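Trainee: No letters, just coordinates:
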């Protein structure tokens, strides 16, 4: 790999910033790797292109050593770095709870704050076609998942859908879930 080639490929952040496209970046990296290199050399080179303190570096550091063994394994593991949208979670106890936003001197319900955070992250990752909405829903607690059943065409629709969930509906769902658990516990103790 020449110094000139090293300048043409950017560090990989994994957050879709600056319209970063993981598949294109990986293909470009492979073009810069020397065919005479052994797999361990290619993997070391790959690791040097992970931007420091980025989602990509965190993803790479978290890989099993077997995934870092050769470029074939790394290539199979690479699409998994897109799963970061599931990393923004909401605790079940924050659903239906009014949370004060100190920086804005306002507040909102926990599920609405969560939906805004997920939307902002996805949009900063360049998800203009709203393809990550289903991953966001999968990462939500069951109480919220049950209310988010219809298809959403945009992040704005998703946010509107979350905001449209009435607190009373969530309260009833929560109370029903607690009652079911209590009933199961009673039956188990018999």
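Mentor: Right, received. Where do you want to start? It should be emphasised that the depicted structure is a prediction, and the values quoted were computed from it without experimental measurement. Numbering: from 1, shown residues only.

Trainee: Report how many residues lie close to residue 57.
Mentor: Residue 57 has 18 neighbours, counted by other Cβ atoms under 10 Å. Glycine gets a C-beta too; all of them are placed from N, C-alpha and C.

Trainee: For residue 33, see how far away the spatially closest residue to it that is not a sequence neighbour is.
Mentor: In space, and not counting its chain neighbours, residue 57 is closest to residue 50: 4.2 Å by Cβ to Cβ, 6 or more residues apart in numbering. With distances taken as Cβ to Cβ, to the nearest Å, residue 50 is found 15 Å from residue 33.

Trainee: Residue 158 too?
Mentor: Remark: distance between residue 158 and residue 33 (Cβ to Cβ) = 39 Å.

Trainee: again with residue 177
Mentor: Residue 177 is 52 Å from residue 33, where distance means Cβ to Cβ.

Trainee: so residue 172, which of the three states?
Mentor: helix (DSSP: H, G, I helix; E, B strand; the rest coil).

Trainee: out of everything not next to it in sequence, what's closest to residue 19?
Mentor: residue 126 (5.4 Å).

Trainee: now do residue 177
Mentor: residue 143 (6.7 Å).

Trainee: Check what pLDDT the one you found gets.
Mentor: Per-residue confidence (pLDDT) for residue 143: 79.

Trainee: do the same with residue 44
Mentor: 91.

Trainee: Start at 42, not 1
Mentor: Taking 42 as the first residue, the last one we looked at is residue 85.

Trainee: State the distance from it to residue 107.
Mentor: The gap separating residue 85 from residue 107 is 16 Å, by Cβ to Cβ.

Trainee: between those two, which one's more packed in?
Mentor: Neighbours per residue, other Cβ under 10 Å: of residue 85 and residue 107, the larger number sits with residue 85, 12 against 9.

Trainee: gap between whichever helix or strand the more buried one is part of and the chain center?
Mentor: For residue 85, the element it lies in under DSSP states H and E is helix 80-89. Relative to the centre of its chain, helix 80-89 is centred 25 Å away, using Cα atoms, centre = their mean, to the nearest Å.

Trainee: can I assume residue 190 sits in a strand?
Mentor: No: judged by three-state DSSP, residue 190 forms no part of a strand; its state is coil.

Trainee: what's the domain layout of this structure?
Mentor: The chain breaks down into these structural domains: 63-121, 130-205 (assignment by the TED database).

Trainee: Tabulate the ones you listed (a markdown table), appending distance to residue 227.
Mentor: Supplementary listing: the domains of the chain in a markdown table, determined by distance: least, Cβ to Cβ, whole Å:
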| stretch | distance to residue 227 |
| --- | --- |
| domain 63-121 | 42 |
| domain 130-205 | 21 |
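
Trainee: Please give me every residue in contact with the residue nearest to residue 98.
Mentor: 52-53, 55, 97-98, 101 (Cβ atoms under 8 Å, 6 or more residues apart in numbering).
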